[in-house]
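Novice: Please find the sequence and the predicted model below.
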Amino acid sequence: LQFDPSLLTENGINCFERFFKFTNAKEGKLIAKRRGGHMMDDMDLIGLEYLWRVVLYSPDDVAEKGIQLLKDVYTNLGPRLQSNQVEIHEDFLQICMDRLKAAYDTISALQKDKDSLNRLQQEASRMIRVMTALREYVAECDDAHGEERAILPLGRACRGKHLTLLVRFPNHGRQVEDMDVWSHTNDTIGSVRR
């Protein structure tokens, strides 16, 4: 956990992932599942702060693996944490918002300094990574909720209600079958035509 995350390679993140899972499983904070993977049974995971540093400071391919590990840990809850799911959602969202706010504050301060373009890009990249982690988390939680609901999941919220359009072609001496076009209430005419 003392290793500089910016120097981490793909082998390094694989090693960290094994260490992270093994150490937390040994402490009873992660529970192994039958088909592989783990469930989080304690919010205070060993190495969780380092995992966030991996997400923020590592090379892109390593950070992607870190984001996946973070999402897997927070979306696979053990029996003790199932009842606290709302608090865990709020906790994860708050962590992301705090990190975004810190990066935003840094960017705001750096904009006054014209020589800090490289540092500005690094902070913007970190913000994108936090937002990516947040998007992955929300998408996973949406996918885990199977039944239909009054408020649509984020991935479908812009789509509106599903509908099928029946397209009939004028009959000029030859038989042309009707065509079903799948669409939704917020779709544009141009999109339907395409």
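Specialist: In hand now; what should we look at?
Novice: Centre of the chain to the edge, which residue is at the far end?
Specialist: Within the chain, the residue lying farthest from the chain centre (C-alpha atoms, centre = their mean) is G173, at 54.4 Å.
Novice: Could you pull up phi and psi at that residue?
Specialist: Dihedral angles of G173 (phi, psi; degrees, to the nearest 10) stand at phi 90, psi -20.
Novice: For it, give its distance to G28.
Specialist: In this view, G173 and G28 are 77 Å apart by C-beta to C-beta, to the nearest Å. Where C-beta positions appear, they are placed from N, C-alpha and C, glycine not excepted.
Novice: now D105
Specialist: 37 Å.
Novice: Secondary structure class of the residue most central in space within the chain, three-state.
Specialist: What sits nearest the mean C-alpha location of the chain, by C-alpha atoms, centre = their mean, is E136, with 1.2 Å. Three-state call for E136 (DSSP: H, G, I helix; E, B strand; the rest coil): helix.
Novice: Could I get the contacting residues of it?
Specialist: Contacts of E136 were listed using C-beta atoms under 8 Å, 6 or more residues apart in numbering, and they are 67-68, 71.
Novice: Could I get the contacting residues of the closest residue to L93 other than its chain neighbours?
Specialist: Of all residues not flanking L93 in the chain, L134 sits nearest, at 7.3 Å (C-beta to C-beta, 6 or more residues apart in numbering). Residues near L134 by C-beta under 8 Å, 6+ apart: 92-93, 96.
Novice: could you flag which of the residues you listed are buried?
Specialist: Neighbour counting by 16 or more other C-beta atoms under 10 Å classes 92, 96 among the contacts of L134 as buried.
Novice: Filter the contacts of L134 down to just the ones in helices.
Specialist: Applying DSSP state H to the contacts of L134, the entries found in helices are 92-93, 96.
Novice: List just the nearest of the residues you listed to T185.
Specialist: T185 lies nearest to L93 out of the ones in helices among the contacts of L134, by C-beta to C-beta, at 29.0 Å.
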